[in-house]
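1. give me a model of this one.
(chains A and B)
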Amino acid sequence: MGHSLHLTVDGQEHTLVVDSRTTLLDALRDRLGVMSAKKGCDHGQCGACTVLVDGRRLNSCLALALTHDGAEVTTADGLAPEGELSTLHRAFLAHDAFQCGYCTPGQVCSAAGMLAEAADDAPSVVTDDLEGPVELSEEEIRERMSGNLCRCGAYVNIVAAVSRAAEESR
Amino acid sequence: MNPFDYERAADAAGAVTIVTDRPEAVFLAGGTNLVDHLKLGVAEPDLVVDINRLELTEVKALDDGGLRIGAMVRNSDAAADPRIRRDYPMLSRALLSGASGQLRNAATMGGNLLQRTRCVYFQDTTTPCNKREPGSGCSAIGGYTRYHAILGASADCVATHPSDMAVALTALDATVVVLGATGERRIPVTELHRLPGDRPDQDTVLEHGELITALELPPPRPGASTYRKIRDRASYAFALVSVAARVDVDTAGPAPVIREAAIALGGVAHKPWRAHAAETVLRGAEPNQETFLAAADAELEAAEPLDGNHFKVQMTRGTISTVLAELTAASATTSESTTEDTHE
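-> Coordinates of the predicted model:
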């Protein structure tokens, strides 16, 4: 049975009718042609499908689209509107943090979400003082990016890029 | 994925009514576990009732000094809540050690309690599993058991409960507030989950249609507390063994004495495991290595490891004694320096 769904994706509004089983990821890719979010494991284990929903990073493969009716979705593409690269994109370029393209959009969205969480002083499991301000050490960045997995071993450059972006946006 | 109807619930009572009336209906909260099960064919509901718009998102102080956490509070928001960080750091740390940033942003407090085992045979519908299909057998027994139970298992099921959060709640003596068709009831979290026995398909004591609406924490208690998780990689993995513990040391006398201890274990049983036997050994004893190991041994006396997880007995023993050593030192320091503010 079809259900009406309204989404704002990277600034563009869409109304569509979806089957109840449609995930947010499938709505983006198969229905709206938004190919920035990638389908990796499709089980919430790799993070390639990470997008920002109302500003918070989520695995779009484990979200039913209907649950997010009315939401504002931002993909890695939307973080660079009109091709205007963000601080984060530039830091990824400067540090050779880009990978095969499959996990990179998820890494970028996850990094954007994580930087916002850290700016709010949200702790992570490696934060020594739960009540203190968050300092984005390499250990903190690794922990906070750990929901994004790839198999190519370029993590060290991602940490450097995120670290640079954090400094520049301070 | 099988087809299912979808409804968005307007309020908690309405959600309960809809699900109660449909035997194959389920609640959908954060979806981090259920949507995966829909894809895998582990769950085949005919109706999904979306409770994401319910206003169960408040964290509020209780008159007795405790805290009430709405069931739809996201795991990341609970972990970052200033009162939880200050008064229940064990819970904050347990939440933060679970899953990933993305998943914690979606997962809810109520849903976390009701997540199902990550036993690989349970998730693989091509293999027999008594939890998924009662009477079909257990593929884990004699199979891959690294993540399986060493305490409280049965001949029908050796799966473990995957939640970190629930282990902390168990050590904290939290209460689960549940709404059903006939009204509200309160369940100590220690009594929410079941041991497998011959009905491993029933994870909890909840009836069909009952909805968790809130968790309540008792007022913070004195002593030092923490949550320690041991896993196969540094992050984003389920616990092989975890320990949530709080210890309060009395330093007034000639020698320090453990006044109170609360310990719960994760990764070792079908439910978060309250370590009563260990607590009994600790209460009134002097805090030293001998006491800590005796406490661990008292709890692990009943352990029945499987072929693939003998290591967990030693791992649990070591983790308990390490955590107790750290906490008794911290608690003794705290009670020497202050007598009032001994929350942690």
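
2. would the lowest-mean-pLDDT helix or strand in chain A count as contacting chain B?
-> Least confident helix or strand of chain A, by mean pLDDT, DSSP states H and E, is helix A:155-168 with a mean of 90. No - Helix A:155-168 lies apart from chain B when judged by Cβ under 8 Å from any Cβ of the partner chain; the minimum separation is 11.7 Å. For every residue, glycine as well, the C-beta is placed using N, CA and C.

3. check what contacts that helix and list those residues.
-> Residues from elsewhere that reach helix A:155-168, judged by Cβ atoms under 8 Å, 6 or more residues apart in numbering or on different chains: A:87-88, A:90-92, A:94-97, A:107, A:111, A:114-115, A:118, A:136, A:138, A:141-142, A:145.

4. give the contact list for the closest residue to chain A within the stretch 201-344 of chain B.
-> Chain A sits closest to residue B:235 of the stretch 201-344 of chain B, with a gap of 3.8 Å, by Cβ to the nearest Cβ. Neighbour list for residue B:235: A:125, A:142, A:143, A:146, B:100 [criterion: Cβ under 8 Å, 6+ apart].

5. how about it, secondary structure?
-> At residue B:235 the chain is in coil, as set by DSSP: H, G, I helix; E, B strand; the rest coil.

6. about what we covered before: which one of the contacts of residue B:235 is nearest to residue B:261?
-> Using Cβ to Cβ, residue A:125 is the member of the contacts of residue B:235 that lies nearest residue B:261, at 23.3 Å.

7. so that closest one, which of the three states?
-> Residue A:125 is classified as coil under three-state DSSP.

8. where does the residue nearest to it when sequence neighbours are not counted land on pLDDT?
-> The spatially closest residue to residue A:125, leaving aside those adjacent along the chain, is residue B:96, at 4.0 Å (Cβ to Cβ, 6 or more residues apart in numbering or on different chains). In the predicted model, residue B:96 carries a pLDDT score of 98.

9. what is the burial count for residue B:96?
-> By other Cβ atoms under 10 Å in any protein chain shown, 28 other residues sit near residue B:96.

10. about what we covered before: and the contacts of residue B:235 as TSV, adding pLDDT and secondary structure?
-> Shown next, in TSV, are these (pLDDT from 0 to 100; DSSP: H, G, I helix; E, B strand; the rest coil):
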residue	pLDDT	secondary structure
A:125	97	coil
A:142	94	helix
A:143	96	helix
A:146	95	coil
B:100	98	coil
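
11. whichever of the residues you listed end up buried, select them in PyMOL.
-> A single PyMOL command selects the buried members of the contacts of residue B:235 (16 or more other Cβ atoms under 10 Å in any protein chain shown):
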select buried, (chain A and resi 125+142+143+146) or (chain B and resi 100)
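
12. which positions in chain B make contact with chain A?
-> Residues of chain B lying near chain A (Cβ under 8 Å from any Cβ): B:1, B:3-6, B:8, B:28, B:31-32, B:35-36, B:38-39, B:48, B:50, B:52, B:76, B:79-80, B:82, B:85-86, B:89, B:92-93, B:96-97, B:99-103, B:105-106, B:234-236.

13. restricted to strands, list those residues.
-> Counting by DSSP state E, the part of these found in strands is B:5, B:6, B:8, B:28, B:48, B:50.

14. quick one: the helices in chain A?
-> A:24-26, A:87-94, A:104-119, A:138-144, A:155-168 (DSSP state H).

15. whoops, I mixed them up, the stretch 201-344 of chain B
-> Remark: helices assigned in the stretch 201-344 of chain B by DSSP state H, counting those that start in this stretch are B:276-282, B:289-300, B:311-337.

16. give me the helices and strands touching the last one, please.
-> Helix B:311-337 sits against strand B:224-230, strand B:241-250, strand B:257-266, helix B:289-300, with contacts defined as 3 or more Cβ pairs under 8 Å, 6 or more residues apart in numbering or on different chains; DSSP states H and E.

17. what mean pLDDT does that helix get?
-> On average, helix B:311-337 scores 91.

18. for it, buried residues please.
-> Buried residues in helix B:311-337 (16+ other Cβ under 10 Å): B:312-313, B:315-317, B:319-321, B:323-325, B:327-328, B:330-332, B:334-335.

19. also the shortest one?
-> Burial within helix B:276-282, assessed by neighbour count using 16+ other Cβ under 10 Å, is assigned to B:277, B:278, B:279, B:281, B:282.

20. before we move on, back to that, ok, of the ones in strands among the residues of chain B next to chain A, which come out buried?
-> Buried among those by 16+ other Cβ under 10 Å: B:6, B:8, B:28, B:48, B:50.

21. who's in contact with residue 81?
-> No chain specified, so I'll use chain A. A:10, A:11.

22. hmm, no, I was thinking of chain B.
-> By Cβ under 8 Å, 6+ apart, the contact set of residue B:81 is B:59, B:69, B:73, B:92.

23. do residue B:13 as well
-> Counting by Cβ under 8 Å, 6+ apart, residue B:13 has contacts residue B:179.

24. make sure it is indeed in a helix.
-> Yes - under three-state DSSP, residue B:13 sits within a helix.

25. what about residue B:54, distance to chain A?
-> Applying Cβ to the nearest Cβ, to the nearest Å, the value for residue B:54 to chain A is 12 Å.

26. ok and the residue in chain A nearest chain B?
-> Closest point on chain A to chain B, by Cβ to the nearest Cβ, is residue A:147, at 2.5 Å.

27. that residue touches residue B:106, doesn't it?
-> No - judged on Cβ atoms under 8 Å, residue A:147 makes no contact with residue B:106 at a distance of 11.0 Å.

28. which residues are common contacts for these two?
-> Common neighbours of residue A:147 and residue B:106, using Cβ under 8 Å, 6+ apart, are residue A:59.
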